[in-house]
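with the sequence up front, the predicted model follows.
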Amino acid sequence: MVDYLYDGSFEGFLTCIYWHYYGEKASGIYPAAQYQPSLFYGFTEVQTEAEKATRVYEAIEKKISAYDLQRIYRVFLSSVENRELLLLNYIRLGFKEGSKTSLLHGNPYVFPVAQAEKKIGAEVHRLYGLLRFSVLEGDILYAVVEPDHDILEFMAEHFSDRYKHDPFILHDKRRGKALVAQGGEWYITAFTEANLPQFSAQEQEYRALWKKYFQTIAIQERTNPTCQKNFMPVRYWKHLTEI
Amino acid sequence: MDSSLMNKLKILADSAKYDVSCSSSGVERKNSGRRGSASNAGICHSWSADGRCISLLKVLFTNKCAYDCQYCTNRRSVDVQRASFEPAELAELTMEFYRRNYIEGLFLSSAVEVSPDYTAERILQCLSMLRYDYGFAGYIHAKIIPGVSQELTHAIGLVADRLSVNIELPTEASLQRLAPQKKAKAIFTPMTQITNTLIQQRSLKGPGTMFKGENLNDSLHYLHPEGKTLVPTAGAQVHLGEGSLYQMSNGGEHALIREPRYKYKEKFCPAGQTTQMIIGAGTETDRQIVKTSESLYRSFKMKRVYFSAYIPISDSPLLPSVFTAPPLTREHRLYQADWLLRFYGFTAEEMFTESEPNLDLELDPKITWALRNIQLFPIEVNKASMEELLRIPGLGTVSALRILRQRKVSAVKYDDLKKMGVVLKRARFFLTCSGKYYGEKELSPEYVRSKVLESDRIKSQLLPPKEDSQLSMFTPGSFRLEAPDSLHPNTPQRRLKTDGGLLI
Ligand code: SF4
């Protein structure tokens, strides 16, 4: 048994899975940057190898299912604690049980992965609504997020379809990267707000209108802040125009 | 800044806020060279201080009203600030809000300025501008004012995703008393037209899973085009007569009078039609309300019926006094009953008995029903059909499907149930798992009722989480409520300790 350390990329993770099957069994898989040596196991740094990663990738797709491959990828991009280990266990079970793995809701290896997937799915869906774009000079849309999970990629299709005519930048400030899109095409890149254009002339006006609308629409007799916070956790508030 | 626009927005949002139907779901539109898209899942963009989801810019086009409905803040006889949008102004505002991702689209209702047709024409102008000049592909829900001409209804249906004609009051008697200028006939005529046009376009779907597997788009479902008659259609089996609502024509005949055929380049009202009723302004029982909704579902195949608790605003002798609290708990229970109608295969008649024409305010209608029919329980989860599973309180469509699917590979164990989303706190009294019962004691309605109430009280922090504490601290009015659109009878609950025991 040995702890595998990898570079934090999905390919790197898949390469670790490869070594788990074709080398020494893994006691754990950790991003090298965050690793704290364990008392019980030694560790090996794994070189990411595209070819080995591809083999595991295809094996998951063929021997488990395409759905599970997607699920594994999503959970990999979550910030759930020990996600690599959860996924390792899930994949091991998957190679035994095949395509019915995801149906074993009660299984202790399946349940936490399903929960993690739910979390990331919920955040994506929530942010579809909770992003606020500002219009910059030159008609560029710009929004800042600090999501719990690494979800830019999962937002891309939704927003690049919606804003096909407006170039936009979706900036994940926490991770220092951004989704940049124009005309339905998108890519993800490292990003800081340096050199961003100014707000357009009308931006403040529309913000004020939206604020006014937000205040007006609440029904006094039914005020219910607990309910409001349940649906819209306070940690998202700082990037909302209306609050 | 244009302060007049700010002022208009304030006035016209303020007078639209009591309208509850705000969902943007039900239509999927990918961007095909236009601006924006619509998402089938329904996206909430914010939550206002009252905990309700904001997904659409919900405003009145105008609040200058020629009518005098008693329950309404905008009726002619009250002194409020009045305003009307210009079509171009509202179109631009919607577009700019949409680009900033503040909203999913527009929910446009209106008072009756000058006449229904005059108002509808201006609304049509605004919506057409939004769709055709701006190429807006987001969601539009438009209200049809009773009395609008057939042509305008049709034209608005071609630019809107969803249409609604508000029924306002659950019985015709209340309508006559409280909204004398509104006629049942004028409400049902456009409703009929919308349903028929959807059939013609072959896109009528109906509410929830109520008509699952049925083809609604055939000649049997066309509605009689005139009057307040609701014609029951195939498979409808509406119990007419005593206890309900608008007097509906009896018998199974179907009038096959059709409107002129249109060629549908644009989809007419692809997200279907809805309606809204005000609860607690008249004297109706819940039974009448639920029966009226059921008829609306069965006859018009509406997507949703929304309920809005009446908030006393006017000191009319015809209405509850201004000191009456809005019946929020009742509204919540009605939504749960509505859910049973649309998704769980219940009929309105099943939910009530002769002696109890109102829903229990303390317990949700599914538990009430189960306790009344206790002889059907417990149900064995490893044998029951989908329909039977759905009758178990605490078990919803998602968990029922998961149970059925897992059963194909291996037996469902009690510990699996929670992971499938079953609310065991309720469900454990009503089910067995491989023959074993987990409800602690005998299955008696009184015992289960007290147990469920107790856990509800603990949850709403009206009781300390101890078995033997006093129940007297409980006050029914202080339940925590959720926003209508997210209502589900089976809200997730706290973790429950279960030891299990043999079925007696
Ligand atoms: S027609 Fe509508 S806006 Fe006018 S008074 Fe009646 S309910 Fe109010």
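Perfect, I can see it now.

can you give me the helices for chain A?
A:10-22, A:50-59, A:66-76, A:83-97, A:111-130, A:152-162, A:203-217, A:225-231 (DSSP state H).

low pLDDT regions in the stretch 101-250 of chain B?
Along the stretch 101-250 of chain B, segments meeting pLDDT under 70 span B:224-250.

again, but for chain B
B:1-3, B:19-36, B:39-41, B:224-265, B:457-504.

got a pLDDT number for residue A:36?
pLDDT recorded at residue A:36 is 84.

measure it to residue A:46 for me?
Residue A:36 is 17 Å from residue A:46, where distance means C-beta to C-beta, to the nearest Å. Glycine gets a C-beta too; all of them are placed from N, C-alpha and C.

okay, now whichever residue of chain A sits closest to chain B: neighbour count?
Evaluated by C-beta to the nearest C-beta, chain A has residue A:227 as its residue closest to chain B, separated by 2.8 Å. Number of residues near residue A:227 (other C-beta atoms under 10 Å in any protein chain shown) recorded here: 21.

correct me, but it touches residue B:51?
Yes: between residue A:227 and residue B:51 there is a contact under C-beta atoms under 8 Å: 2.8 Å.

ok so, going back, could you export the helices of chain A to a markdown table, including columns for mean pLDDT?
Conversion of those to a markdown table gives the following (pLDDT from 0 to 100):
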| stretch | mean pLDDT |
| --- | --- |
| helix A:10-22 | 95 |
| helix A:50-59 | 95 |
| helix A:66-76 | 95 |
| helix A:83-97 | 95 |
| helix A:111-130 | 93 |
| helix A:152-162 | 92 |
| helix A:203-217 | 93 |
| helix A:225-231 | 84 |
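
can you list these in CSV and add distance to residue B:207?
Below are those laid out as CSV (distance: least, C-beta to C-beta, whole Å):
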stretch, distance to residue B:207
helix A:10-22, 42
helix A:50-59, 43
helix A:66-76, 30
helix A:83-97, 38
helix A:111-130, 23
helix A:152-162, 27
helix A:203-217, 26
helix A:225-231, 24
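
let me have those in JSON lines, extended by distance to the ligand.
JSON lines is the format used below for the helices of chain A (distance: least, C-beta to the nearest ligand atom, whole Å):
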{"stretch": "helix A:10-22", "distance to the ligand": "56"}
{"stretch": "helix A:50-59", "distance to the ligand": "60"}
{"stretch": "helix A:66-76", "distance to the ligand": "47"}
{"stretch": "helix A:83-97", "distance to the ligand": "54"}
{"stretch": "helix A:111-130", "distance to the ligand": "29"}
{"stretch": "helix A:152-162", "distance to the ligand": "33"}
{"stretch": "helix A:203-217", "distance to the ligand": "17"}
{"stretch": "helix A:225-231", "distance to the ligand": "27"}
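
tell me which of these lies nearest to residue B:318.
Minimum separation from residue B:318 across these (C-beta to C-beta) falls at helix A:203-217, 27.9 Å.

helices or strands next to that closest one in the packing?
strand A:134-136, helix B:3-14, helix B:87-99 (3 or more C-beta pairs under 8 Å, 6 or more residues apart in numbering or on different chains; DSSP states H and E).

would you mind finding the most buried of the ones you listed?
The highest average neighbour count among the helices and strands packed on helix A:203-217, using mean count of other C-beta atoms under 10 Å in any protein chain shown, belongs to helix B:87-99 at a mean of 21.

that helix: what's the following helix or strand?
For helix B:87-99, the following helix or strand on the C-terminal side (DSSP states H and E) is strand B:105-109.

how far away from the center of its chain is that following strand?
Between the centre of strand B:105-109 and the centre of its chain there are 17 Å (C-alpha atoms, centre = their mean, to the nearest Å).

what packs against it?
Going by 3+ C-beta pairs under 8 Å, 6+ apart, strand B:105-109 lies up against strand B:56-60, helix B:87-99, helix B:116-128, strand B:139-143.

make TSV out of the ones you listed and add distance to residue B:327.
Formatted as TSV, these follow (distance: least, C-beta to C-beta, whole Å):
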stretch	distance to residue B:327
strand B:56-60	22
helix B:87-99	33
helix B:116-128	30
strand B:139-143	24
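
with residue B:361 as the reference, name the closest of these.
Taking C-beta to C-beta, strand B:56-60 is the member of these nearest to residue B:361, at 28.6 Å.

so what touches that closest one?
For strand B:56-60, the surrounding residues in contact (C-beta atoms under 8 Å, 6 or more residues apart in numbering or on different chains) are A:213, A:217, B:9, B:12-13, B:15-17, B:19, B:22, B:24, B:74, B:85, B:90, B:93-94, B:97, B:102-111, B:139, B:141.

can you pull the contacts of the residue in chain A positioned nearest to the ligand?
Chain A approaches the ligand most closely through residue A:219 (16.5 Å), counting by C-beta to the nearest ligand atom. Residues near residue A:219 by C-beta under 8 Å, 6+ apart: B:17-18, B:48, B:50, B:52, B:311.

any idea how the chain splits into domains?
Chain wasn't specified; assuming chain A. A:2-121, A:131-205 (automatic domain parsing).

sorry, should have said chain B
Following the TED database, chain B resolves into domains at B:3-26+B:40-223+B:264-309, B:362-461.

which one, of those domains, ends up nearest to the ligand?
Nearest of the domains of chain B to the ligand, taken as C-beta to the nearest ligand atom: domain B:3-26+B:40-223+B:264-309 at 3.1 Å.

distance check, the residue nearest to residue A:61 when sequence neighbours are not counted against residue B:349.
Leaving aside its sequence neighbours, residue A:61 sits nearest to residue A:69 (C-beta to C-beta, 6 or more residues apart in numbering or on different chains; 4.8 Å). Noted for residue A:69: a distance of 49 Å to residue B:349, by C-beta to C-beta.

residue A:36 and residue A:46: who's more crowded?
Higher neighbour count among residue A:36 and residue A:46: residue A:46, with 22 against 6, using other C-beta under 10 Å.

was I right to think residue A:208 contacts residue B:10?
No: judged on C-beta under 8 Å, residue A:208 makes no contact with residue B:10 at a distance of 11.3 Å.

and residue A:243, what's its pLDDT?
81.

before we move on, back to that, and the buried ones among the contacts of residue A:219, selectable in PyMOL?
Buried residues among those (16 or more other C-beta atoms under 10 Å in any protein chain shown), as a PyMOL selection:
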select buried, chain B and resi 17+18+48+50+52+311
